[in-house]
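K.L.:
Sequence first, predicted model second:
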Amino acid sequence: MFKAQRIGKHKKVRKTVIGRTERPRLAVFRSSQHIYAQIIDDSTGKTLAAGSDLGLTGPKKTRALAVGEVVARLALTKKIKKVVFDRGGSEYHGRVAALAEGARKGGLDF
């Protein structure tokens, strides 16, 4: 998928997916080699928790699953249990789905 297409899809998703204080946004960015996740409160514009697979080894899907679990653990320490999922214009498939599965496994609800 071309970068312009992904950005266009992300703009379309962001019209409906808005992180609020009671239910922040779990935003995912997937590059060709790595995956990053942040929990963002859009009303204040602050990142509440973040994680990436930098420094992890193994298959990409396994690293994405671990990132989801780490972000969920960080969110639970800040008493965040419910989030809205922002796939960042990427398809809900492969590493993005694995990250979501890890976050659910870690205790987040979305």
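P.N.:
Ah, there it is.
K.L.:
buried stuff in the longest helix anywhere in the chain?
P.N.:
Looking across the chain with DSSP state H, the single longest helix is helix 60-77. The neighbour-count check on helix 60-77 (16 or more other C-beta atoms under 10 Å) flags 60-61, 63-72, 74-75 as buried. In this view, the C-beta of every residue, glycine as well, is placed from N, C-alpha and C.
K.L.:
State the next helix or strand along the chain beyond it.
P.N.:
Going down the chain from helix 60-77, the next helix or strand is strand 84-86, by DSSP states H and E.
K.L.:
who does the very next helix or strand once past that next one touch, helix- and strand-wise?
P.N.:
The first helix or strand that comes after strand 84-86 along the chain, using DSSP H and E, is helix 95-106. When contacts are defined as 3 or more C-beta pairs under 8 Å, 6 or more residues apart in numbering; DSSP states H and E, helix 95-106 sits against strand 25-30, strand 35-41, helix 60-77.
K.L.:
Residues touching the last one, excluding its own?
P.N.:
If I follow you right, that is helix 60-77. With contacts defined as C-beta atoms under 8 Å, 6 or more residues apart in numbering, helix 60-77 is touched by 26, 33, 35-39, 48-53, 56-57, 81, 83, 94-96, 98-108.
K.L.:
and the residues you listed, which are buried?
P.N.:
Judged by 16+ other C-beta under 10 Å, buried ones among the contacts of helix 60-77: 26, 35-39, 48-49, 51-53, 56, 83, 95-96, 98-100, 102-103, 106, 108.
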